[in-house]
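Trainee: sequence and predicted model, in that order:
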Amino acid sequence: MKRLYTAVSVVAALSMFGIFLSAQPPAPAGGGRGGRGGSGGGRGGQPTGIMGGAPELPFTDAAAPRCTSPQISCPGFNVGIPQGDYNVSLRSKEDIALPNPYNRDETWIKIPKEKGKLGATSAIDIDKDGKSVWIARRCENNGCQGSHVDPVMKFDEHGTFVRSFGADMIVYPHGLWVDQQGNVWVADTQSNIGGRGGGTPGATPNGNQVLKFSPEGKLLMTLGTPGVYGHDQTHFNQPSDVVTNPNGDIFVADGHELTDMPYRIMVFDKTGKYLREWPLCTKPSEQPSDCSHSLAMDSQGRLFVANRGNSSIDIYTQEGKLLESWKQFGRPSGLYIDRNDVLYVADSESSVMGGNAFIRGAHVGDAKTGKVTAFLPDPEGNPAPWYPLRGTTGAEGVVADAAGHIFTSQVAPFGQVARYELKQ
């Protein structure tokens, strides 16, 4: 029978190991939900130890390799997480009390069979009509190398397929933006000839760019040097998102994760001419990784940056002055601000590694004041030793249409773009 610590010994364990525990009930010995086991640490399987011959740990997940990177430090990773009462959590009373006034529909989107399956998807936005939804899926898996399906897809308000484009043009779509003219911008994070996603020998260099398409799929502009990482005015290093302001200036979040180059916001004019940039994650106390996972702009023209690596939303002027940093919306993977300055924040990575201070899902609040007003929990919840999931699950992208419906896209599990509607 699994041993449970008393409240006193839990505190002692937490102090000793420097880690907090998951807000989920203890599982019966020898099993968990699901049963998809396997040596990789899937649901219900036996968790494995970390790399390099380290001792077996009670819990590691798919984020574990990141914890060995010099850029990333995961609290408690080297010593593991003590078994015990996993109901201990850092989640605040205010966050727990947030209402969820929405019903979730996972069957809303309808993809024609000839278009292939829906793979990992983070890139999502609303069309200029205020009701249609655009996504850029990572083809039928978690990347488009070797695939010939269209990654960029448009659906009407009923989830009916409208059109698609972009086959063989995009390697790893990560962010998507629809501008005031209805043009579709895609931040393509990876190169097809090297880097994080590996490469295809002899391939024509592609990826690691920002692409602008007409609503019909005609390529109008390309920023960056195809397939080549760099840190100057003509190269990107894993661009993760893009937005434009009413004047047409282009803001690019340059940097995703596991990179040895500094993170930055790059600004270009409407013709693609480089204007300026500013660095991110510059404080000594900040982890210099995953500093700009998503972007959004409010009615005042302030740029909201999802600093996922440090679990904050950083708000800047368009010249790069840091105005505020908000911690109350969880570990932000995706951002969206509607015409009424309602802020939507997707959290796909909160976990026991962060003391379960937040639960994976989507927070809703006020972009003007920072007040959080609602929370939509992900059905899978947070990882636990018996339910490890992976480093990223649930809502990674989030948007809302003019009628107030919320849509979330997710990297894992594949095949889901959920629609939320207010309960009657």
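Mentor: Perfect, I can see it now.

Trainee: right, and the helix or strand after the lowest-mean-pLDDT helix or strand in the chain?
Mentor: In the chain, the helix or strand scored least confidently by mean pLDDT, DSSP states H and E is helix 7-17, which has a mean of 32. Sequence order places helix 93-96 as the next helix or strand after helix 7-17, per DSSP states H and E.

Trainee: for L90, the count of nearby residues, please.
Mentor: Neighbours of L90 under the rule other Cβ atoms under 10 Å: 14. (Glycine included, C-beta is placed from N, CA and C.)

Trainee: burial measure for the nearest residue to L118 once chain neighbours are set aside, as a count.
Mentor: Spatially, and ignoring its direct neighbours in sequence, L118 is nearest to G415 (4.7 Å; Cβ to Cβ, 6 or more residues apart in numbering). When counting by other Cβ under 10 Å, one arrives at 16 neighbours for G415.

Trainee: what of the one 5 residues further on?
Mentor: When counting by other Cβ under 10 Å, one arrives at 24 neighbours for Y420.

Trainee: got a list of what it touches?
Mentor: Counting by Cβ atoms under 8 Å, 6 or more residues apart in numbering, Y420 makes contact with 102-105, 376, 405-408.

Trainee: generate a PyMOL selection restricted to the buried entries among these.
Mentor: In PyMOL, a selection of the buried entries from those looks like this (16 or more other Cβ atoms under 10 Å):
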select buried, resi 102+104+376+405+406+407+408
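
Trainee: any chance of the contacts of Y420 in TSV with distance to P215 and pLDDT as columns?
Mentor: TSV is the format used below for the contacts of Y420 (distance: Cβ to Cβ, whole Å; pLDDT from 0 to 100):
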residue	distance to P215	pLDDT
Y102	29	98
N103	30	98
R104	29	98
D105	26	97
L376	29	98
H405	21	98
I406	23	98
F407	19	98
T408	23	98
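
Trainee: among the contacts of Y420, which are located in strands?
Mentor: Under the assignment DSSP state E, the contacts of Y420 contribute 102-105, 376, 406-408 to strands.

Trainee: could you single out the nearest of the residues you listed to Q238?
Mentor: Q238 has its nearest neighbour among the ones in strands among the contacts of Y420 in T408, at 22.7 Å by Cβ to Cβ.

Trainee: not counting its neighbours along the chain, what's nearest the closest one?
Mentor: The shortest distance from T408 to any non-neighbouring residue, by Cβ to Cβ, 6+ apart, is to A395 (3.8 Å).

Trainee: burial check on the closest residue to P173 other than its chain neighbours, number of neighbours?
Mentor: Nearest non-adjacent residue to P173, counting by Cβ to Cβ, 6+ apart: A136, 3.6 Å away. Neighbourhood size, A136 [other Cβ under 10 Å]: 31.

Trainee: pull up the pairing partners for the strand or helix carrying A136, direction included.
Mentor: Applying DSSP H and E as the criterion places A136 in strand 133-137. Its sheet considered, strand 133-137 pairs with strand 121-126 (antiparallel), strand 152-155 (antiparallel) by DSSP bridges.

Trainee: quick one: closest of those strands to D168.
Mentor: The nearest among the strands paired with strand 133-137, by Cβ to Cβ, is strand 152-155 at 12.1 Å.

Trainee: who touches that closest one?
Mentor: Applying Cβ under 8 Å, 6+ apart, the contact partners of strand 152-155 are 109-111, 115, 127, 132-137, 161-166, 170, 173, 176, 184, 186, 213, 215, 217.

Trainee: buried stuff in that strand?
Mentor: Buried, per 16+ other Cβ under 10 Å, within strand 152-155: 152-155.

Trainee: how about those residues in TSV, adding pLDDT?
Mentor: What follows is those, written out as TSV (pLDDT from 0 to 100):
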residue	pLDDT
V152	98
M153	98
K154	98
F155	98
